[in-house]
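Asks: Structure of the sequence below:
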Amino acid sequence: MEQVRPTRMELMRMKAQIRLAEQGRDLLRQKMDALIQEFFKILSTVSESRDELEQVSRAADLALMIAEAVDDPVTLRSASFATRRSITVDITGKNIMGVPVPVIEKKRVSKNMLERGYGIITTSARIDETAERYEVELDLLIKLAEIETAMRRLGTEIQMNRRRVNALEQILIPELKGQAKYIKNAIEEREREDLFRLKKVKSIIEKKKRKAKEKKKGL
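Replies: Numbers count the residues shown, from 1 in each chain. Got it, this is the predicted structure:
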């Protein structure tokens, strides 16, 4: 408190800082509440997508097991090599409450039999079903990657906002209020001392006046 000047101007400046800090805290709280709402919206989507992915993944694995058990291994291997190709995705972005999150734009992975690259005569319906189920699984994986990344970024922003709110509420604002109280007390104490000195000076002046009057009467 030694560096704080106990003046009325300083007290006004300190009160303005307190109001500004409290406004900043309130705005951060509002933003955090909105972010939390968006976070839980995405969380429900993630939960649903994970359940769907788990079901699709089990179905794809089962279809592959059946194909491996029934179809010719060479034919199955040839079909798998024929369908191998890269997947092109375009990643753009959008803002959710000021938080940048990715948007993955891609062509649908799922294809028809003619687009997969293997001969439809030499392969069975089981191989077609296996390919189709894994294509659906890949589509879901890309979708899930997008929404999980958004959820993580929102979670990080929520934590940052919570730390800022705590810093303002538990450190900065109490410190500013403590300084303001110190200045206010110092000003009041100085005013009491000034008032006491004024009263003392007034008393001395009145005593001198009385003595002067008494002396004049004595003459």
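
Asks: and the longest helix for this protein?
Replies: In terms of residue count, the longest helix belonging to the chain (DSSP state H) is helix 8-70.

Asks: Quick one: list the elements packing against that one.
Replies: helix 125-167, helix 173-218 (3 or more CB pairs under 8 Å, 6 or more residues apart in numbering; DSSP states H and E). Placement of C-beta: from N, CA and C, glycine included.

Asks: Deepest in the core, which of those is it.
Replies: Mean neighbour count (mean count of other CB atoms under 10 Å) peaks for helix 125-167 among these, with a mean of 17.

Asks: could you give the angle of that one to helix 8-70?
Replies: Computed by axes from the mean of the first three to the mean of the last three CA atoms, to 10 degrees, the angle separating helix 125-167 from helix 8-70 equals 170 degrees.

Asks: tell me what helix 125-167 is packed against?
Replies: So helix 125-167, by 3+ CB pairs under 8 Å, 6+ apart, packs with helix 8-70, helix 73-82, strand 89-96, strand 99-106.

Asks: Could you point out which of the helices and strands packed on helix 8-70 sits nearest Arg58?
Replies: Nearest to Arg58, of all those, is helix 125-167, at 9.6 Å by CB to CB.

Asks: low-scoring stretches of this protein, by residue?
Replies: For the chain, applying pLDDT under 70 flags the ranges 1-3, 79-87, 106-123, 217-219.

Asks: Taking the centroid of it, which residue is nearest it?
Replies: Residue closest to the average C-alpha location in the chain (CA atoms, centre = their mean): Glu157, at 2.1 Å.

Asks: residue contacts, it?
Replies: Each residue near Glu157 by CB atoms under 8 Å, 6 or more residues apart in numbering is listed here: Leu35, Met97, Val99.

Asks: which residues pair with the residue nearest to Thr149 when sequence neighbours are not counted across the strands?
Replies: Closest residue in space to Thr149, ignoring its immediate chain neighbours: Pro102 at 5.4 Å, by CB to CB, 6 or more residues apart in numbering. In this structure, Pro102 bridges to Gly93 when assessed by DSSP bridges.

Asks: Pro102: neighbouring residues, count only.
Replies: Residues lying near Pro102 (other CB atoms under 10 Å) number 16.

Asks: pretty sure it contacts Asn95?
Replies: No: the criterion here is CB atoms under 8 Å, and Pro102 misses it with Asn95 at 11.4 Å.
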